[in-house]
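Visitor: Compute the structure for the input listed below.
(one chain, ligands or ions: 1)
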Amino acid sequence: MTYEEALKNARSEIANCHACPVCNGIACKNTIPGPGSKGTGTVAPRNYEAWQKIYLNLDTIAPNLGVDTSIELFGEKFDLPVFAAPIGAVTNHYGPKYNEYEYTEIMAKGCRAAGIAAFTGDGLNEMFFEAGCTAMEKAGFAVPTVKPWHRDLVFKKIDYAKAHGAKAIAMDIDASGLPFLKAMTPPSGSKSVEELREFVEYAGIPFFVKGVMTVKGALKALEAGAAGIIVSNHGGRVLDHCPATASVLADIADAVGDKMTIIVDGGIRTGHDVFKALALGADAVLIGRPYVVMVYGGAEEGIAAYTAKLKAELTDCMQMTGCATLADIDRSCIFHG
Ligand SMILES: Cc1cc2nc3c(=O)[nH]c(=O)nc-3n(C[C@H](O)[C@H](O)[C@H](O)COP(=O)(O)O)c2cc1C
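Guide: Numbers count the residues shown, from 1 in each chain. Model prediction:
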């Protein structure tokens, strides 16, 4: 199956999403339930557009040594610096083709088979997080992502993830902006550095804070002892009028890049975008909506086709900019238009 075939199949299988030729957040603007972004619906398109304004510096005066796109992260080796982003409550957002268990199992196993891995999501129904952990166990590796619930519930979910073999865990701290979290008793949502440090220490495995958009936030995550951050605005779903992740990444990488792992997401669609993210200082990227479309349109085969496309594009970018390994990709390789 090709990427284009999976995309075409998805159009009759998926709800609320148009499986567009380019997943730029425009057609699904403000579609929630669904994959849209909040309010004016401009943040997801802004994320996408920001990568398009960065160009690549052609340079082929370099040893012809071939290209290695592999990366070591979370104590594992991956074929590409790409992970599927956590997406929770898929039946609600994308329609009934899959229940949460079926979807996360296909995603986690499909990603492992394609040489990468998935982050899994969370939601109001406890089953969402459990489905991700069960899928992780079956796939051998995934990163469960817990929402910023109240203290006892976070502890319970960390225990659950570890009992199912989690080697790393993330918290989408920016989910504090989701209405269902805001309305909870006891209160859930934003956490102080001290509260975050308690979770990091309790987990005892690398802890990633997802939803950091400022240098200030990155320094707080570092102070709390996080192993890494995910520079993310939740695909525009938690705060309208947010800048693009590509616009804030370099400053954040300059501040904490030598002290913690930096992952970025938001509108990354091609191997070219992956290359640009690494050039700005990220170690790896998450890709969200397009992987969901691949699962709805082609299950494991869709995941394999899209990942192969990303790898071919990233390989080409590296060859044409004189980069043999991911470590060679730096800001000298890009041009801001
Ligand atoms: C329908 C939907 C559900 C999501 N659920 C979660 C979730 O449970 N946990 C989480 O950390 N992020 C969640 N996200 C955010 C994604 O992980 C990611 O940050 C965002 O989609 C940006 O990446 P993209 O532009 O490649 O889609 C969700 C996004 C969408 C569209």
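
Visitor: and A305, what is it in contact with?
Guide: The neighbourhood of A305, defined by CB atoms under 8 Å, 6 or more residues apart in numbering, consists of M1, T2, Y3, E5, A6, M294, G298. (Each C-beta comes from the backbone N, C-alpha and C, glycine too.)

Visitor: If we use 10 Å, what do you get?
Guide: Contact criterion CB atoms under 10 Å, 6 or more residues apart in numbering gives M1, T2, Y3, E4, E5, A6, L7, A114, M294, G297, G298 as the residues in contact with A305.

Visitor: A305 versus the nearest residue to the fifth one once chain neighbours are set aside, what's the distance?
Guide: Counting by CB to CB, 6 or more residues apart in numbering, the nearest residue to E5 once its immediate chain neighbours are dropped is G298, at 6.9 Å. G298 is 7 Å from A305, where distance means CB to CB, to the nearest Å.

Visitor: what do those two both touch?
Guide: If you check G298 and A305 against CB under 10 Å, 6+ apart, the residues they both contact are M1, T2, Y3, E5, A6, L7.

Visitor: where exactly do the helices run in the stretch 101-250 of the chain?
Guide: Ranges of helices within the stretch 101-250 of the chain are 126-139, 151-163, 179-182, 193-203, 215-223, 245-256, based on DSSP state H, counting those that start in this stretch.

Visitor: what comes up buried for the helix or strand of the chain with the lowest mean pLDDT?
Guide: Counting by mean pLDDT, DSSP states H and E, the weakest-scoring helix or strand in the chain turns out to be helix 179-182, with a mean of 80. In terms of neighbour count (16 or more other CB atoms under 10 Å), helix 179-182 has its buried residues at L181.

Visitor: ok, of the shared contacts of G298 and A305, which come out buried?
Guide: Y3, A6, L7.

Visitor: from those residues, which ones fall inside helices?
Guide: Judged by DSSP state H, helices contain the following of the buried ones among the shared contacts of G298 and A305: Y3, A6, L7.

Visitor: Chain neighbours aside, what residue packs nearest to the last one?
Guide: What that stands for is L7. Closest residue to L7 apart from its sequence neighbours, by CB to CB, 6+ apart: A19 at 5.5 Å.

Visitor: isn't the one you found right up against G95?
Guide: No - when contacts are counted by CB atoms under 10 Å, A19 is not listed as touching G95 (11.7 Å).

Visitor: what do these two both touch?
Guide: Counting by CB under 10 Å, 6+ apart, the common neighbours of A19 and G95 are E13, Y296.

Visitor: Of the two, give the one with the bigger neighbour count.
Guide: For A19 against G95, the residue with the higher neighbour count under other CB atoms under 10 Å is A19, and the figures read 22 against 16.

Visitor: can you confirm the more buried one is in a strand?
Guide: No - membership of A19 in a strand is not supported by DSSP: H, G, I helix; E, B strand; the rest coil, which gives coil.

Visitor: need the contact list for it.
Guide: Residues in contact with A19, defined by CB under 10 Å, 6+ apart, are 6-13, 27, 289-290, 292-294, 296-297.

Visitor: With D79 instead?
Guide: D68, T69, S70, I71, A114, G115, I116, T307, A308, L310, K311.

Visitor: now A84
Guide: The contact partners of A84, taken as CB under 10 Å, 6+ apart, are 107-108, 110-111, 114, 116-120, 142-143, 286-288, 290-292, 294-295, 303, 306-307.

Visitor: Around the ligand, pick out the residues from the stretch 201-337 of the chain.
Guide: If contacts are counted using CB under 6 Å from any ligand atom, the residues of the stretch 201-337 of the chain sitting beside the ligand are K210, S232, H234, G235, R237, D265, G266, G267, I268, I287, G288, R289.

Visitor: quick one: pLDDT of the first one?
Guide: In the prediction, the pLDDT value recorded for K210 is 98.

Visitor: that older thread, which secondary structure element is home to the residue nearest to E5?
Guide: According to DSSP states H and E, G298 maps onto helix 289-320.

Visitor: what's the closest non-adjacent residue to the residue sitting furthest away from the middle of the chain?
Guide: For the chain, the residue at maximal distance from the C-alpha centroid (CA atoms, centre = their mean) is I61, at 33.6 Å. Of all residues not flanking I61 in the chain, G322 sits nearest, at 6.8 Å (CB to CB, 6+ apart).

Visitor: again with V238
Guide: Closest residue to V238 in three dimensions, ignoring its sequence neighbours and counting by CB to CB, 6+ apart: G177, at 3.2 Å.

Visitor: Distance of the residue nearest to P186 when sequence neighbours are not counted relative to A131?
Guide: Sequence neighbours aside, H150 is the residue nearest to P186 in space, at 4.4 Å (criterion: CB to CB, 6+ apart). Between H150 and A131 the distance, using CB to CB, works out to 21 Å.

Visitor: could you dump the contacts of A305 to a markdown table with distance to G165 and pLDDT?
Guide: Converted to a markdown table, those look like this (distance: CB to CB, whole Å; pLDDT from 0 to 100):
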| residue | distance to G165 | pLDDT |
| --- | --- | --- |
| M1 | 30 | 96 |
| T2 | 34 | 97 |
| Y3 | 31 | 97 |
| E4 | 36 | 97 |
| E5 | 34 | 98 |
| A6 | 29 | 98 |
| L7 | 33 | 98 |
| A114 | 20 | 98 |
| M294 | 25 | 98 |
| G297 | 29 | 98 |
| G298 | 27 | 98 |
